[in-house]
Each structure stands twice: as structure tokens, then as C-alpha cells.
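Give me a 3D structure for the following:
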Amino acid sequence: DLALWVWLPVQVGLVGWGIWTVAHRSLGLLELLGLVLSVGISTGAGAINVAHELMHRRGRFERGLAELLMTSAGYTHFCIEHVRGHHKHVATPADPASARLGESLFAFLPRTLIGGLVSAWRLEGWRVASAGRGRLGLGDRRLRYPLVLAAAVVAIGLVGGIRGVAFFAAQAAVAVILLEIINYVEHYGLERRLLTTGRFELVSSQHSWNAAHRLTNWYLFNLQRHADHHCRPGRRYPYLRH
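So this is what the prediction gives:
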């Protein structure tokens, strides 16, 4: 768990260094492109991946870390949609993050980007209503997430100006696209059968693609043991099985 917890200060330091570099150094076009891509890939493969592990935890501390890590990618609604939407509807037509057989990546991306946001808004609205809370309070993540992101952007603007804000947005876009490419691969073409009861069959190991490569699983906290994660979302990453 310590490796997960320390990722937030590392991520803040990395993105902060990138913002400072863009704002205060004269970079060529290739240098700027390289910086955006390298920080963005680190955010996508590192920060978002760690956040994915932490958003499934029950403790507020770890879920809070997940939200802050997702803020560094400007994609905090993923904490709602992934846990409460994707895991429920995976490998069905109701899941915007499950790529259909024959669907191209370019057709998948707008569907999952827009569909995930709409689903997260709807799911959080239902959660707030069922809890009997007033709408758009700080307990409502539809308000809290944009406010935290706006505060981060203001802070970035004060430190790095418009160039710093543009860099933050660009590396976040790279991270989000990487995340959705991973989503595209993880369930591509897999479907759960619709039963005669009108419900879909339970999620099983055949509804996710796996990869058993040792080095990348070490780096990605066993993300590629994805079928076991979907069968048992509460199982922590060291114990996921192939």
C-alpha cells in the first residue's frame, strides 16, 4: 500500500516540474511535444492506474487519494463511473467503456468519453437522492469534483500562467486517451449473454482480456490480471490471479 500512497506526491512533483519547465524555459517544438507525451503517459499509466486501485478501497483516505490523482488527469468522474457503472454493466450494451466487436478505436473514443460522463452524472444523482442529501452540496461529487479541478487550474495559472495551464490540459488529454485505449483493449468484443430472465449472466473470467507478462504486471500493479479484478473488485492488486 505504501507504493500507492506515495504516488500522489510523486505525481504532483512530476506535473509541477513539467508546468514550471514549460513556463520558465524556452523549449523547442520537439522538446515540448516530448515533455507533454512523457508526462501524459506517466499520468495515464502511473497516476490513473494507482487511482484505479485506490478507488476500489473502502477507506476515505485511499478514495481521497484516488480522487486527487484523477484530478491530475482532469478525469475525476471516472471514480464514479468506473466503480458504480463499468463494473455493473461491463460487457453489455449499457457500458460505454466496453468496446464492441468490430468497433474501431476512433468510434469507441467519443462514445466512451461522452457516455462515461453522462453515466457518472446520472449515477451520482441517484446516490445523492437515495442518501437524502441536498443536491449540489459538497457531498455531491458533481459539484466537488469540478470545484477541486477549478482550484487546481487556478493554482497552475498562478504558477505557470497560460502556458502552464495549456501544458496541464495537454498532458491530461494524453493520459485520458491512454486510459480509454486500455479500456478499449480490456473488454474488446466480449459480451455477457442475456438470460431468459431478462438479466445478463454474471461477470466471469471470460469477460476480460488478460496478459500474464511479469514485468508489465509489476509496473502496472497487476492491472493486466483484469478478469479476476472484475470477478472480485475488492481483491487487492498483490492477490489478483491470472
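
where exactly do the helices run in the chain?
Shown for the chain, the helices assigned by DSSP state H span residues 2-5, 7-24, 29-42, 48-54, 60-71, 78-80, 87-89, 105-131, 141-186, 214-219, 226-231.

right, and those - which one's nearest residue 193?
Each of the helices of the chain has some distance to residue 193 by C-beta to C-beta; the shortest is helix 87-89, at 14.3 Å. (Each C-beta comes from the backbone N, C-alpha and C, glycine too.)

what comes into contact with stretch 39-57?
Stretch 39-57 is contacted by residues 4, 7, 11, 14-15, 18, 62-63, 65-67, 69-70, 72-73, 75, 78-79, 82-83, 170-179, 182, 219-221, 223, 233-234, 236-237 when judged by C-beta atoms under 8 Å, 6 or more residues apart in numbering.

now do the same end-to-end measure for it.
Its first and final residues considered, stretch 39-57 spans 26 Å by C-alpha to C-alpha, to the nearest Å.

repeat for stretch 78-86
10 Å.

Residues touching it, excluding its own?
Counting by C-beta under 8 Å, 6+ apart, residues outside stretch 78-86 touching it are 48, 51-52, 55-56, 63, 66-67, 70, 95, 97-98, 116-117, 119-120, 123-124, 127, 141, 179, 233.

follow-up on the earlier one: compare the helices of the chain and give me the one nearest residue 192.
Of these, the one closest to residue 192 (C-beta to C-beta) turns out to be helix 87-89, at 9.2 Å.

Grab the nearest non-local neighbour of residue 128.
residue 140 (5.1 Å; C-beta to C-beta, 6 or more residues apart in numbering).

Roughly how far does the one you found sit from residue 67?
Remark: distance between residue 140 and residue 67 (C-beta to C-beta, to the nearest Å) = 13 Å.

Which of those two has more residues huddled nearby?
residue 67 (20 against 17; other C-beta atoms under 10 Å).

what residues are up against that one?
51, 55, 76, 79, 145, 148.

Repeat that for residue 227.
204-210.

okay if I get those as JSON lines plus distance to residue 91 and pLDDT?
Below are these laid out as JSON lines (distance: C-beta to C-beta, whole Å; pLDDT from 0 to 100):
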{"residue": "204", "distance to residue 91": "10", "pLDDT": "95"}
{"residue": "205", "distance to residue 91": "12", "pLDDT": "93"}
{"residue": "206", "distance to residue 91": "9", "pLDDT": "95"}
{"residue": "207", "distance to residue 91": "4", "pLDDT": "97"}
{"residue": "208", "distance to residue 91": "8", "pLDDT": "97"}
{"residue": "209", "distance to residue 91": "11", "pLDDT": "97"}
{"residue": "210", "distance to residue 91": "14", "pLDDT": "94"}
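
and those, which are buried?
207-208, 210 (16 or more other C-beta atoms under 10 Å).

any idea which of those residues is the one closest to residue 155?
Scanning those for proximity to residue 155, where the rule is C-beta to C-beta, the winner is residue 208, at 37.8 Å.
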